[in-house]
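Engineer: sequence first, predicted coordinates after that:
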Amino acid sequence: ATERTLSIIKPDATKRNLTGAINKKFEDAGLRIVAQKRIRLTEEQAGRFYDVHRERPFFGELTEFMASGPVVVQVLEGEGAIAKNREVMGATNPSDAAEGTIRAEFAESVGENSVHGSDAPETAKEEIAFFFSGLEIVG
Ligand code: CMP
């Protein structure tokens, strides 16, 4: 089925001017960018977005990093978009990521790993609503 997923191009990637290179990977995989904006998160906003990780030891590092520079938040649409996006991103830790994936090519570490993508339909719905109103998504 056609799905939508929330994607974030993280500060390590925007800093290195990789937005276009990453978007090309998504588009080449058949994912359509149906909404996109470049924003700067506060640590508080990053904390709300990553609330499920609040008790993890890396939470402070994660929210500080996500607030350290611009991010590009986007909605990707396509057949099986959630799984397809995860395939194109590669494993969370770039040292485990398959060749040709975004994280294998661009990520610097498990923390500064260039991209985020929703992991399931329910979280995709919540994460899209966190950043976008219906009017901002043009399929
Ligand atoms: P993401 O898909 O954005 O979801 C949560 C993020 O936490 C994950 O990608 C990683 O970037 C980050 N993360 C996971 N494990 C660690 C870790 N051990 N140290 C720092 N950051 C981590």
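Structural biologist: Sure thing, it's come through. Only a predicted model underlies this, so the values are computations on that prediction, with no experimental measurement involved.

Engineer: on the three-state scheme, the closest residue in space to Ile8 that isn't next to it in sequence is what?
Structural biologist: Once flanking residues are discounted, Ile8 sits nearest to His116: 4.1 Å by C-beta to C-beta, 6 or more residues apart in numbering. Every residue, glycine included, has its C-beta placed from N, CA and C. With DSSP: H, G, I helix; E, B strand; the rest coil as the basis, His116 sits in strand.

Engineer: contacting residues around His116?
Structural biologist: 6-8, 10 (C-beta atoms under 8 Å, 6 or more residues apart in numbering).

Engineer: let's see 7 Å
Structural biologist: Taking C-beta atoms under 7 Å, 6 or more residues apart in numbering, we find His116 in contact with 7-8, 10.

Engineer: same question, Ser114
Structural biologist: 10, 12-13, 18, 22, 102-103, 106-107.

Engineer: ditto for Val75
Structural biologist: If you count contacts by C-beta under 7 Å, 6+ apart, Val75 has them with 4, 6, 34-35, 128, 132, 137.

Engineer: what does the protein put close to the ligand?
Structural biologist: Residues of the chain lying near the ligand by C-beta under 6 Å from any ligand atom: 53, 58, 61-62, 92, 110-111, 113, 116.

Engineer: can you say which of these are buried?
Structural biologist: When those are checked for burial by 16 or more other C-beta atoms under 10 Å, the buried set is 62, 111, 113, 116.

Engineer: in three-state terms, label Gln36 for me.
Structural biologist: The three-state assignment at Gln36 reads strand, by three-state DSSP.
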